[in-house]
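A.B. asks: my questions are about this predicted structure, shown below with the sequence.
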Amino acid sequence: MAKTKTHTRYVCQQCGRVAASYMGKCPQCSAFDSMVEEVIHDEPVAKKGAGNVRGLSGRSEPRPISEVSGEAEDRVHLPIGEFARVLGGGIVPGSIVLVGGDPGIGKSTLMLQMAMEMAKVQRVLYVSGEESERQIKMRASRLFNGGKDMPKDLLLVTETNLEVIFSHVRESKPDLLIVDSIQTTYLSELDSSAGSVSQVRECSSQLRELAKSSGVTVFMIGHVTKEGAIAGPRVLEHIVDTVLYLEGDRFQAYRLLRSVKNRFGATSEVGVFEMREGGMIEVTNPSEAFLAERLVNAAGSAIAVTMEGTRPILVEVQGLTSPTQFGNARRTPNGVDFNRLLLITAVLTRRVGLKLAEQDVFVNVVGGIQIDEPAADLAVAAAIASSWRDVPIQANVVLIGEIGLAGELRMPGQMVARLKEAQKLGFKTAIVPKAIRNPHSGGIGSEYPKGIEVIEVRSVDQALDKALKKEK
């Protein structure tokens, strides 16, 4: 009998690059000490045979697309509304979802809450590789009415071996499987340690095959690196159907569940939660929550309307200018992009005439939310100008618009939805870019809601003149 030949290779744990010899720095992602040795067998460990066919189903025969059933499968109702919103309306049977986030942000808490709610209508298997069953029960007792009337269809098991996990799935036949976490799961047939690129990739692939072939919905919790990306190879995010990130500032109580990939719904959708003693509580009206502690008629405060997926959210943008004590003025953003802040301050200096070269500029988005879209440019500029001139912005005004290098304002998308959200919260005036198309010919302006005054301007200078104008 011929011996199985083996050889070694080195795999970067950050980007997955493979090298024949060890390198202290990965030439692809520039990470140091990320190369890990792995032993590779020239022949597969498992023997080939009819019982070991890999695939998404037991059959692999081409069929005409006209013969494939095109009926949409009903989603499973999820009682947690914000979670269901991010998933696209509910849980799709047979899907595989990856949930990532910083340590201690609340991933396991949120998944345990979902497991307890779903166990009322489905059979749920919660597999933990990081906590004991007793620890999970203690956390569940804190979240679920002091441990009374626990759902009987919620099964707990502490296991990291994927083969044993599959045997538990065959025995218990769950409708929903939760794996906490994918970095602690391993296959014994692979020589690499748990959490390595090979283990994460292979375990995720087999869990995907389980979901697609049996109809079991799989949720995986994933660790993140210090850069904020999910640990493991990038292919991990391509394997799954949905990728969710749980974000939030550790000094704030609010948590944002953001969808960055969703094959069954809208991407960039956001659900808002508040971390309390009883777990993750839904925030059904995040705009009202973010503006609850706003100080009205304070200089340096402006209201922006940002789109998080399909939901408009009103947030308070604060700006502060102060004479610099150093040679170079500082630009310190919190919640907005640093380069975007540099662009806005340059436009205010050159096009509006604000003398910011010797001023330290600080910008903060209240609530710990991160604004990535340029529609908040006008609110950031107004907050900075309000602080520099020490003139408050009118309390019932929202500012929406993207700023160009010439000082012009450009129209962002979904303006009507933004204005309706502002009107719902009681704002009377909105300063927006002037619509290019004729409002009387079915253009953007003809769709504006009637309950809010819309002031259209063409430049930042005109917008600031309207926003900073004191009420008589």
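C.D. replies: That came through, no problem. Residues are numbered from 1 along each chain as shown.
A.B. asks: switch to C-alpha atoms for all contacts and neighbour counts from now on
C.D. replies: Will do.
A.B. asks: listing partners with orientation, what would you give for the lowest-mean-pLDDT helix or strand in the chain?
C.D. replies: Across the helices and strands of the chain, the lowest-confidence element by mean pLDDT, DSSP states H and E is strand 35-41, at a mean of 76. Here the strand partners of strand 35-41, with direction, are listed using DSSP bridges: strand 6-12 (antiparallel).
A.B. asks: which residues does the strand it pairs with contact?
C.D. replies: Residues lying outside strand 6-12 but in contact with it, judged by CA atoms under 8 Å, 6 or more residues apart in numbering, are 17-22, 26, 34-42, 197.
A.B. asks: what residues sit buried inside that strand?
C.D. replies: Residues of strand 6-12 classed as buried by neighbour count (16 or more other CA atoms under 10 Å): 10-12.
A.B. asks: count the residues that sit near Pro27.
C.D. replies: Pro27 is flanked by 12 other residues according to other CA atoms under 10 Å.
A.B. asks: which residues does it contact?
C.D. replies: Contacts here follow CA under 8 Å, 6+ apart; on that basis Pro27 touches nothing.
A.B. asks: one more: Pro449?
C.D. replies: Residues in contact with Pro449, defined by CA under 8 Å, 6+ apart, are 416, 419-420.
A.B. asks: right, and the helix or strand after the least confident helix or strand of the chain?
C.D. replies: Using DSSP states H and E, the next helix or strand after strand 35-41 towards the C-terminus is helix 81-87.
A.B. asks: contacts for that following helix, please.
C.D. replies: The set of residues that contact helix 81-87 without belonging to it, under CA under 8 Å, 6+ apart, is 77-78, 90-91, 242, 257-259, 262, 264-266, 269-273, 282-284.
A.B. asks: in strands only, show me those.
C.D. replies: Cross-referencing those with the strands (criterion: DSSP state E) gives 242, 257-259, 262, 270-273, 282 as the overlap.
A.B. asks: can I get the buried residues of strand 6-12 in JSON lines including distance to Leu342 and pLDDT?
C.D. replies: Listed next are these as JSON lines, based on distance: CA to CA, whole Å; pLDDT from 0 to 100:
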{"residue": "Tyr10", "distance to Leu342": "42", "pLDDT": "85"}
{"residue": "Val11", "distance to Leu342": "39", "pLDDT": "83"}
{"residue": "Cys12", "distance to Leu342": "35", "pLDDT": "83"}
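A.B. asks: nearest to Asp102, of the residues you listed?
C.D. replies: Cys12 (21.4 Å; CA to CA).
A.B. asks: ok, what's across the strand from that closest one?
C.D. replies: Bridge pairing for Cys12 - DSSP bridges - gives Met35.
A.B. asks: could I get the buried residues of strand 6-12 in CSV, plus columns for distance to Phe338?
C.D. replies: As requested, the buried residues of strand 6-12 are arranged in CSV below (distance: CA to CA, whole Å):
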residue, distance to Phe338
Tyr10, 37
Val11, 34
Cys12, 30
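A.B. asks: extract the CA atoms of the least confident helix or strand of the chain and return them as PDB.
C.D. replies: Written as PDB, here are the backbone C-alpha positions of strand 35-41 (Å, rounded to 0.1, in the frame of the first residue of the first chain):
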ATOM      1  CA  MET A  35       2.200  33.000   8.600                       C
ATOM      2  CA  VAL A  36       1.100  29.700  10.200                       C
ATOM      3  CA  GLU A  37       2.500  26.400   9.200                       C
ATOM      4  CA  GLU A  38       0.000  23.800   7.900                       C
ATOM      5  CA  VAL A  39       0.500  20.100   6.900                       C
ATOM      6  CA  ILE A  40      -1.100  19.200   3.500                       C
ATOM      7  CA  HIS A  41      -1.800  15.700   2.400                       C
END
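A.B. asks: go through that strand and flag the buried ones.
C.D. replies: 35-38, 40.
A.B. asks: same question for stretch 373-385.
C.D. replies: Of the residues in stretch 373-385, 374-385 count as buried by neighbour count, 16+ other CA under 10 Å.
A.B. asks: stretch 331-343 now?
C.D. replies: The neighbour-count check on stretch 331-343 (16+ other CA under 10 Å) flags 331-336, 340-341 as buried.
A.B. asks: quick check: longest strand of the chain.
C.D. replies: strand 311-323.
A.B. asks: by contact count, what packs against it?
C.D. replies: If you count contacts as 3 or more CA pairs under 8 Å, 6 or more residues apart in numbering; DSSP states H and E, strand 311-323 packs onto helix 286-290, strand 301-308, strand 359-365, helix 377-389, helix 415-424.
A.B. asks: possible to save those as TSV with mean pLDDT and distance to Ser213?
C.D. replies: Formatted as TSV, the helices and strands packed on strand 311-323 follow (pLDDT from 0 to 100; distance: least, CA to CA, whole Å):
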stretch	mean pLDDT	distance to Ser213
helix 286-290	88	39
strand 301-308	94	34
strand 359-365	95	45
helix 377-389	96	48
helix 415-424	93	41
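A.B. asks: nearest approach to Glu67 belongs to which of those?
C.D. replies: Of all the helices and strands packed on strand 311-323, it is strand 301-308 that lies closest to Glu67, at 38.8 Å by CA to CA.
A.B. asks: run through who's touching the closest one.
C.D. replies: Outside strand 301-308, the residues touching it (CA under 8 Å, 6+ apart) are 268-270, 312-319, 371, 373, 375-376, 379-380, 382-383, 386, 392-393, 397-400, 418, 422.
A.B. asks: let's see that with 6 Å instead.
C.D. replies: Strand 301-308 has contacts (CA atoms under 6 Å, 6 or more residues apart in numbering) with 269-270, 312-318, 376, 379, 383, 398-399.
A.B. asks: next, give me the two most distant ones among those residues.
C.D. replies: The most widely separated members of those, counting by CA to CA, are Glu269 and Ala383 (27.1 Å).
A.B. asks: ok, which of the helices and strands packed on strand 311-323 comes nearest Gly222?
C.D. replies: Using CA to CA as the measure, strand 301-308 is the one of the helices and strands packed on strand 311-323 that comes nearest Gly222, at 22.8 Å.
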